[in-house]
Structures are given as C-alpha cells and as structure tokens.
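> The following comprises the amino acid sequence and a computationally predicted model.
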Amino acid sequence: MAMNLPSSKAKGRRAPMADINVTPLVDVMLVLLIIFMVTAPLLTAGVPVNLPDSRARALDQDQQPVQVAIDADGRIFVDKDEVTEAILPDVLARIAARSGPDGQPPQVYLRADRSLGYGRVIGVMGELNRAGLNRVALVSASRDAR
C-alpha cells in the first residue's frame, strides 16, 4: 500500500497543508485572559446578601442639602428666601452651625444663572467657604433636558 506523502518531486502542485498554526491563537487567548483578570475585580460592586428583617427604626439619613441660587439679576436666594449680600455671611454661619449627625456641615447645592459673571459666582463661593460650608456642589442642567 502506498502512502501519498508530499515530496519535493511533486509535479508543480503542492499538497494542501493540514496543519494549523496555534501560536497566534494562544497569544490572543493569553492577552484576553490578562484583560479579563485585570477587569474582573473592577466589575464586582458588592456581595449580594439577603439581609434579615429587623424591627429597629431606620437611622437618621443625611439632612437635605441647602439650596443657594443666584438668578440672572444677581439676587441671592438661600432655600427660596432672598438674602442680601450684607446678611449673607450671617445666614451662612447659621447654616454651618447646624451640623448633621456625622458632625459635618450640610451639603450645599449652588445654582447660578449662565449669564452671570465669573466673579459674582466666585464671590458667593468665597462666602460659603468662609462660613465653613466646604461641601459645595455646582448644579447644571443636562443637555438632554433642553
């Protein structure tokens, strides 16, 4: 019985190669393995736990943030009450004095009209800082809302 082996004496035809080069495949798989090993710990947000029921009352949640707004005319509002620049430091000092359950001053949401100058907004932020209200978040509108 004769076997058909490729030889150099073939008449111009090459026999089809039945081998698969697995080296590139192994290289790609190792790179993918490293990527998954690096990103997998970042994907776990927490351990799912089925918590038991309790009759204990809920803990006091963080108090409502203080809303400070500056309208287009430059008027300052603290929680919907208009405040003049002269009494703004006193109002902010009273707000800073009422700390939350964690001992920190309340969170402040600062909203300012887009037509205002930079100096006007920074002036109010400076008063917030001087009063000890350092947890300030600047509020903006979402582009999708317009």
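Alright, I've got the coordinates.

> Spell out, range by range, the strands that occur in the protein.
66-70, 76-78, 81-83, 108-112, 136-138 (DSSP state E).

> Identify each buried residue in the helix ranked longest in the chain, please.
Criterion DSSP state H: the longest helix present in the chain is helix 23-43. By neighbour count on 16 or more other CB atoms under 10 Å, the buried set for helix 23-43 is empty. In short, each C-beta sits where N, CA and C put it, glycine included.

> One more: stretch 103-111?
Buried residues in stretch 103-111 (16+ other CB under 10 Å): 105-106, 108, 110-111.

> likewise stretch 92-106?
When neighbours are counted by 16+ other CB under 10 Å, the buried residues of stretch 92-106 are found to be 92, 95-96, 105-106.

> Next: stretch 76-96.
Across stretch 76-96, burial judged by 16+ other CB under 10 Å covers 76, 78, 83, 88, 91-92, 95-96.

> end-to-end on that stretch?
17 Å (CA to CA, to the nearest Å).

> And for it, what's in contact with it?
With contacts defined as CB atoms under 8 Å, 6 or more residues apart in numbering, stretch 76-96 is touched by 66-71, 75, 105-106, 108, 124, 127-128, 130-133.
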